[in-house]
Each structure stands twice: as C-alpha cells, then as structure tokens.
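**Student:** Return atomic coordinates for the entry below.
(one chain, ligands or ions: 1)
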Amino acid sequence: MCGQPIDPTLRTPHPGSMEIDEIIPVSKGGDPFDLANCQLTHRRCNQRKGNHAYTRLHDTAKPATPKPAPKPIPLSRAW
Ligand SMILES: [Zn+2]
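**Tutor:** A predicted model of the protein is given here:
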C-alpha cells in the first residue's frame, strides 16, 4: 500500500507486520476471498486506511450524508 517492503517475520502487534487488506472493505460489499480484492499491507498502513477507501475512491463528488434521525416511537396516543 505504501510501497515499502514487508518483513514477514514480524508478528501481529508489530506495526510493521503484514496484514491482508480488502481493497473494497467487506463492510462495503467486498469479497474477502477474492484475490483480486486483497493486497498485502503493513498493519500500520491498514489501520491508517481504516474503512474509508471505498468512500474516498468512489464518493468524492458528494459528501457522505448522515442518516436522518429516526422518528421517535409514539408510546401512547391521544384518544
Ligand atoms: Zn505500508
């Protein structure tokens, strides 16, 4: 992701250890088992990216609109 080599001997809590990154996050409908959707990344790079890649790549024209607040559930009615 950053172009730097990954040392495969580093283990998980290490920020330079390797992780699999889904190019389209699973939470956005990406397939974690599709090799074309996966890339090796440093743990620190993956964490910096978070879940925002899809939004950055495809939704730059319109800012993310927050969901409208749900209407309060009426607990009683006037008879
Ligand atoms: Zn990196």
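**Student:** This structure against the ion: which residues are in contact?
**Tutor:** Applying Cβ under 5 Å from the ion, one finds that the chain approaches the ion through 2, 42, 45. Every residue, glycine included, has its C-beta placed from N, CA and C.
**Student:** With respect to residue 26, which of those residues is nearest?
**Tutor:** Comparing the residues of the chain next to the ion against residue 26 with Cβ to Cβ places residue 45 closest, at 17.7 Å.
**Student:** wait, that closest one sits on residue 6?
**Tutor:** No. Here residue 45 lies out of contact with residue 6, judged by Cβ atoms under 8 Å, at a distance of 9.5 Å.
**Student:** Of the residues of the chain next to the ion - the most surrounded one?
**Tutor:** For the residues of the chain next to the ion, counting by other Cβ atoms under 10 Å, the largest number of neighbours falls to residue 42: 22 neighbours.
**Student:** so that residue touches residue 18, yeah?
**Tutor:** Yes. Residue 42 is in contact with residue 18 according to Cβ under 8 Å; the separation is 6.8 Å.
**Student:** any chance you could map the strands in this protein?
**Tutor:** Ranges of strands in the chain, per DSSP state E, are 18-22, 38-42.
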